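1. Structure for this input, please:
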Amino acid sequence: MRTAGRQTSEPSAAPAPTSGLGPFGLIWAGHLLSLVGSSVLRFGLVVQAWGEGRQATDVVVLSLCALLPQIAFSPMAGALVDRLPKRRALQLADLGGLLSVTVLAVAHALGALDLRLVYVAVAGMGTAAAFQYPALSSAVVVLVGEDRLQRANGLLSSAKNSADLGGPVLGGALVAFSGLGVLIWIDMASYVLALAAVQYARFTEPARPPAGPARPGRLFAEAGAGVRELWRLPSLRDLTLVFFVVNLVMMLGFAAVQPMVLARTGSSVGALAAVNTCIGVGGVAGGLLLAAWGGPRNRVRGMMLGIIGMCLSAQVAMALADTVPGWCLSILVGALLMPVVNSAMQSVIQAKVPQELQGRVFGAVMFVSQISVPVAMAASGPLVDHVFEPQAAAHSGFVHLLAPLVGQGRGSGMAALLLLAGVCGTAAALWGLSRRTLRDIDTLLPDLVADPAK
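-> Numbering: from 1, shown residues only. Below you'll find the model as predicted:
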């Protein structure tokens, strides 16, 4: 039934869009510009939020305003993406971001830009991002062949990491010499260029039956269909649950990385900058290497081994290291593996879910797997401040038992939390490898289109 559903929607000719990365390359270039523009502006808004009250809470709220709408609206966004042609879905996501930045531009020009309005605009950008992930992920299938899915996903990952690496550097220079207004205009221009790339890229999409009216009740029901599809298929359900647990425990540790580095180096900004730079360099290099390599043949095994590698390097090894070079090397290896993990996850969904359901399923995957991230972010700080660091200072409790591994002094409690997170993340990936639903996913849930490389 599933195979037949794909066969009836498959185009009979026009193989050009699936014969290479040409149309995808145009979308990727526009996406890269948009991500860099948004990263530049995000840096400027963090400076703005800190400058108004010099409260860390203001910066945390800014991050949550971007993250929470992206998670909350993902299922609904996925349902709407499935109703639209891929070109229009991508345009909708970019137009939402452009509108939010335009609000900032108008307020800045009128001298009415305050922190509350920044929060509202950033929430709007987060909502637009909720549409961008399912729209872009499902569009990849109609832009490249299945044998190139992991390469394309690797390039998308390298675009994000390039923006995360270059955005703060460019944003810092521009804030110093030109102010926030220029950053806003740069982001607006990047959205316009991304929209132009989507407009001029060639799309060959299968015919789709006419959808009913997009009433809110109907969209809620269709959004639920993405979650039901995940739970109906044990392989996809277990895969998403592994990511939920991994995101939860790894984020508990990662949230402590920056304060740990500062605590153990006497608040050295240079040490923190070196660690953050290695994250960006590793992510960019990993995405580009994946694009050249094509990814692991066994996607799920490669994914789980990649998670284990990330946990052992960026968390366990980083907790055990006590020097800046050790931290940089550990986090660099972990960041290098991250594109492999994310790309394999995306390509599994792209290959095994009918195209007409992919937007909803990607939205459901985003919601279920990422909802643990803000929970971990909210829990990490209190755990560090009230449990791990006090136990380290008092040489008591469970943290004291780990002192031979993580050392003593300021930051050792955070290192203990990072170590435990790495161990738990490794255990979650090993649990995934032990599950037949994941280990034999290609037998239990065959690809809907034959891979010409196999």
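2. give me the number of residues near Gln199?
-> 12 (other C-beta atoms under 10 Å). To be clear about C-beta, it is placed using only N, CA and C from the backbone, and glycine gets the same treatment.
3. residue ranges with poor pLDDT in the stretch 51-200 of the chain?
-> For the stretch 51-200 of the chain, the stretches with pLDDT under 70 are 51-60, 145-147, 164-169, 172, 176.
4. Strands of that one, start to end?
-> Assigned by DSSP state E, counting those that start in this stretch, the stretch 51-200 of the chain shows no strands.
5. ok, for Gly44, nearest residue in space, not its chain neighbours?
-> Closest residue in space to Gly44, ignoring its immediate chain neighbours: Leu183 at 4.1 Å, by C-beta to C-beta, 6 or more residues apart in numbering.
6. Now for that neighbour: which residues touch it?
-> Val40, Leu41, Phe43, Gly44, Gly171, Leu174, Val175 (C-beta atoms under 8 Å, 6 or more residues apart in numbering).
7. now swap in Leu104 and tell me
-> For Leu104, the contacting residues are Leu41, Leu113, Leu117, Val118, Ala121, Ile184, by C-beta under 8 Å, 6+ apart.
8. what's the distance between the fourth one and Ala66?
-> Going back to what we said before, that points to Val118. Separation of Val118 from Ala66 (C-beta to C-beta, to the nearest Å): 11 Å.
9. And for the third one?
-> As judged by C-beta to C-beta, Leu117 and Ala66 stand 15 Å apart.
10. more neighbours, these two?
-> Ala66 (19 against 15).
11. could you measure the nearest residue to the more buried one once chain neighbours are set aside against Arg237, distance?
-> The shortest distance from Ala66 to any non-neighbouring residue, by C-beta to C-beta, 6+ apart, is to Gly126 (4.3 Å). Gly126 is 27 Å from Arg237, where distance means C-beta to C-beta.
12. If you count surrounding residues, which of the two has more?
-> More crowded of Gly126 and Arg237, by other C-beta under 10 Å: Gly126, with 23 against 16.
13. hmm, back to that, name the member of the contacts of Leu183 with the shortest distance to Val246.
-> Using C-beta to C-beta, the shortest approach to Val246 within those belongs to Phe43, at 27.8 Å.
14. mind listing what's buried in the host helix or strand of that closest one?
-> Secondary structure assignment for Phe43, by DSSP states H and E: helix 22-53. Applying a neighbour-count criterion of 16 or more other C-beta atoms under 10 Å, the buried positions in helix 22-53 are 23-49.
15. now it, how far from the chain's geometric center?
-> The chain centroid and the centroid of helix 22-53 are separated by 14 Å under C-alpha atoms, centre = their mean, to the nearest Å.
16. Same question for stretch 174-185.
-> Chain-centre distance of stretch 174-185: 26 Å, with C-alpha atoms, centre = their mean.
17. circling back: which one among the contacts of Leu183 gets closest to Leu99?
-> Leu41 (14.0 Å).
18. Could I get the contacting residues of the closest one?
-> Applying C-beta under 8 Å, 6+ apart to Leu41 gives the contacts Val101, Leu104, Gly171, Leu183, Ile184, Ile186, Asp187.
19. Among these, which one sits closest to Ala152?
-> Checking the contacts of Leu41 one by one against Ala152 (C-beta to C-beta), the nearest turns out to be Asp187, at 24.8 Å.
20. on that earlier part again, which of the contacts of Leu104 sit farthest apart?
-> Greatest spatial distance in the contacts of Leu104: Leu41 and Leu117, 14.0 Å, computed using C-beta to C-beta.
21. Pull the residues that contact the host helix or strand of Ala319.
-> Per DSSP H and E: Ala319 is located in helix 318-320. Residues outside helix 318-320 that contact it (C-beta under 8 Å, 6+ apart) are 253, 257, 326-327, 330-331, 334, 405-406, 415-416, 418-419, 422.
22. Thr240 touches Val227, doesn't it?
-> No. Contact criterion C-beta atoms under 8 Å: Thr240 and Val227 do not qualify, at 9.4 Å.
23. Between those two, which contacts overlap?
-> Counting by C-beta under 8 Å, 6+ apart, the residues touching both Thr240 and Val227 are Ala364, Val368.
24. Take the contacts of Leu104 and write them to TSV, including distance to Phe388.
-> Shown next, in TSV, are those (distance: C-beta to C-beta, whole Å):
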residue	distance to Phe388
Leu41	35
Leu113	39
Leu117	37
Val118	33
Ala121	36
Ile184	40
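25. In helices, which of those residues appear?
-> Judged by DSSP state H, helices contain the following of those: Leu41, Leu117, Val118, Ala121, Ile184.
26. And those residues, which is closest to Ala314?
-> Using C-beta to C-beta, Leu41 comes nearest to Ala314 of these, at 27.4 Å.
27. measure that closest one to Val118 for me?
-> For Leu41 relative to Val118 (C-beta to C-beta), the value is 10 Å.
28. Next: Val242.
-> Distance of Val242 to Val118, given as C-beta to C-beta: 36 Å.
29. Also Ala376?
-> Going from Ala376 to Val118 by C-beta to C-beta gives 25 Å.
30. who's more crowded, these two?
-> Of the pair Ala376 and Val118, Val118 is the one with more neighbours under other C-beta under 10 Å, namely 22 against 19.
31. Now do the helices in the stretch 1-150 of the chain.
-> 2-8, 22-53, 56-72, 74-83, 86-109, 115-143, 149-177 (DSSP state H, counting those that start in this stretch).
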